[in-house]
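> here is a sequence with its predicted model. Questions after.
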Amino acid sequence: MISTPSCFPIEVQSLPAKGRGFVFTRDVPAGSVVLTSGPYAIVPESTTKTEICAHCIGRSKSLHHLPPSKPVPYTPLSVFCQDCHQVRYCSDACATLDRDLYHRFECGYLKHLFRDQPAVLPDDLQLRTFSKDKKDAEKYPNRLDLTPYELDFTLCIARIVIRRAREMKRDMDDGLFPEVAVVAGSQNPHDRDSFANVWALCSNSKDFSSAIMDRFELVAKSLTTLVTDHILPVLFPDAQAAATRNILPRVTDQDLHADPDRGNRLTDLQASVLALVCKEECNSFGLYSFLHAGRSETRQSYALGVFHRAVFFNHSCVPNVGHCVRTASSSKDQEGEGGRRRETGPATKQITFYATRDIKRGEEALICYIPLDKRPSACSRSRTKGLEDLFFFPCDCERCSMDAGNLDPEKAKDVTRRFADLCCDGDNCFGWMVPTALDDRLNDDQEEKERGSGREAETDSAKDLTETAGKDCNKWRCEACGIVTSR
């Protein structure tokens, strides 16, 4: 079980007809921090990877001072891998750190996957925000004909596996049994966020269609070559056979709900990677902003990550928990070419979850899985279809019940008011409201300095955030247009 630090007011409980979910352990006022979660692995999306740093997921400083109400101009980052040409960085420091920790393992794999072609440089805003359908695969040529969406989760899983391999190398160097970090978890004192927490996530493989599982299998077979040809020979040159057996736990056909033919054609490692693909697809988070198309469009995604501490939030179309992306520092033991060391890296991203209203102890903590859309066309039918297509469940939350005419007038009025509090009331703005106390703690000059130097950022601890965020909950700022309102 993934636990949450005691400073946060939620815990995981078993809920009737839902499985596991977060429940509040005490009363909290509106604006209070509910949880903060950093990524186990994170990558820029295919549509933004030439302007988003592959290490800190930051942008060029030249974009920081632009007004939030309009799209930012496309500005490719100038530091990039001159071998595979597929990753870019905001600074030489980020490039050095990322190559040491991740890119030296994935570079050859990416070079082969993308046929030795440089990353696509969008020449206009239209290309940056296109849909991720199959027809767009030709805009990102690759040997597997993966769509942009499939490329995103493939590269995210690649970094999950790389980090897992580094953990295993450290465990073996420390004399721990290779599988102990996966089976038992938290046996190694160097890891508070080990791969065990990722592997413990649900896969819901039975909910994926056979056609989707076929695509996942294609990705799994490709990622297996990353493991056997690029990761293990570097980290375990004298013990590749043992490392192959132990890098991921073994799974069965029943674990994957696979047909016999699928199980027969997969090696043990391929089946384990396929299980990891399913886990990532059920538990990953997108990072969103309004910088690509502006405030007049719903949120735009720019990165994908696995935030394993945050996966137990269930859904509501009128959530009592909101979330935003904020800058945080990274400081932990890392395994690199020079051995293990305490790494204080440049700022990276974390998701901060906050209470959207006053909440009582015992209430379930609910977020919204889909964009908050205040247009009349965003009816229950369209929302339910989106949830069923993407997350495999119909929604029966208060807002959907209201849209179906199943709430009494007083309750419907309360739901309408609560939803209005979530959204910016500016004309033609699709932003959502965030407590001003959660404005990013790093100013632009400080963030740029820390990116360039590789020093640790001066950010507040989780405990400090929970103690300060709820003190001034009367002022809320729109993430898209920046307007400040009072409640």
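Okay, I see it.
> what residues of the helix ranked longest in the chain count as buried?
Assignment by DSSP state H gives helix 148-173 as the longest helix of the chain. For helix 148-173, burial by neighbour count (16 or more other Cβ atoms under 10 Å) applies to 148-172. In short, each C-beta sits where N, CA and C put it, glycine included.
> do stretch 299-311 as well
299-311.
> what's the answer for stretch 422-437, then?
In stretch 422-437, counting by 16+ other Cβ under 10 Å, buried: 422-424, 426, 429-437.
> nearest to residue 102 among those residues?
residue 434 (30.5 Å; Cβ to Cβ).
> now residue 306. Nearest residue, chain neighbours left out?
The shortest distance from residue 306 to any non-neighbouring residue, by Cβ to Cβ, 6 or more residues apart in numbering, is to residue 40 (4.8 Å).
> which ones are touching the one you found?
When contacts are counted by Cβ atoms under 8 Å, 6 or more residues apart in numbering, residue 40 touches 160, 163, 193, 195, 197-198, 305-308.
> what mean pLDDT does the longest helix of the chain get?
The pLDDT scores in helix 148-173 average 93.
> same deal with stretch 216-225?
Average pLDDT, stretch 216-225: 97.
> so which residues make contact with it?
109, 113, 144, 146, 150, 153-154, 157-158, 161, 208, 262, 266-267, 269-271, 273-274, 276-278, 281.
> one more pass at 7 Å, please.
Contacts to stretch 216-225, defined as Cβ atoms under 7 Å, 6 or more residues apart in numbering, come from residues 144, 150, 154, 157-158, 161, 262, 269-270, 273-274, 277-278.
> out of those residues, which two sit at the greatest distance?
Within the contacts of stretch 216-225, 158 and 262 form the most distant pair, 21.9 Å apart (Cβ to Cβ).
> pull the number of nearby residues for the nearest residue to residue 436 once chain neighbours are set aside.
Leaving out its chain neighbours, the residue that sits closest to residue 436 by Cβ to Cβ, 6+ apart is residue 475, at 4.4 Å. Residues within reach of residue 475, counting by other Cβ atoms under 10 Å, total 14.
> what's opposite residue 475 in the beta bridge?
Beta bridges link residue 475 to residue 486, judged by DSSP bridges.
> pretty sure it contacts residue 486?
Yes: with contacts counted by Cβ atoms under 7 Å, residue 475 reaches residue 486, the gap being 5.8 Å.
> my read: residue 369 touches residue 393, true?
No: the criterion here is Cβ under 7 Å, and residue 369 misses it with residue 393 at 9.7 Å.
> need the residues touching each of the two.
With Cβ under 7 Å, 6+ apart, residue 369 and residue 393 have common neighbours residue 387.
> which of the two has more neighbours?
Comparing residue 369 with residue 393 by neighbour count (other Cβ under 10 Å), the higher total belongs to residue 369, at 19 against 14.
> distance of the more buried one from residue 162?
The gap separating residue 369 from residue 162 is 28 Å, by Cβ to Cβ, to the nearest Å.
> ok, now residue 302?
Here residue 302 is placed at a distance of 21 Å from residue 162 (Cβ to Cβ).
> what's the spacing between stretch 76-88 and its chain's center?
With Cα atoms, centre = their mean, to the nearest Å as the basis, stretch 76-88 stands 22 Å off its chain's centre.
> which SSE is residue 43 in?
strand 41-44 (DSSP states H and E).
> ok, residue 427 next?
Per DSSP H and E, there is no helix or strand for residue 427.
> residue contacts, it?
So residue 427 contacts nothing (Cβ under 7 Å, 6+ apart).
> any idea of the pLDDT on it?
Looking at residue 427, its pLDDT is 85.
> what of residue 259?
67.
> could you do residue 80 as well?
94.
> identify the residue nearest it in space, chain neighbours excluded?
Nearest to residue 80 is residue 88, by Cβ to Cβ, 6+ apart, at 4.3 Å.
> poorly predicted segments of the stretch 251-400 of the chain, please.
Residues of the stretch 251-400 of the chain meeting the criterion pLDDT under 70: 253-260, 329-347, 376-381.
> three-state assignment of the closest residue to residue 324 other than its chain neighbours?
Excluding the flanking residues, the one nearest residue 324 by Cβ to Cβ, 6+ apart is residue 434, at 5.0 Å. The assignment at residue 434 comes out as strand when based on DSSP: H, G, I helix; E, B strand; the rest coil.
> repeat for residue 21
strand.
> go ahead and confirm it touches residue 364.
Yes: here residue 21 reaches residue 364: they are 5.7 Å apart, a contact under Cβ under 7 Å.
> what touches both of the two?
Contact criterion Cβ under 7 Å, 6+ apart; residues shared by residue 21 and residue 364: 15, 314.
> before we move on, back to that, in strands, which of the contacts of residue 40 fall?
Members of the contacts of residue 40 lying in strands (criterion: DSSP state E): 305-306.
> great, nothing more from me.
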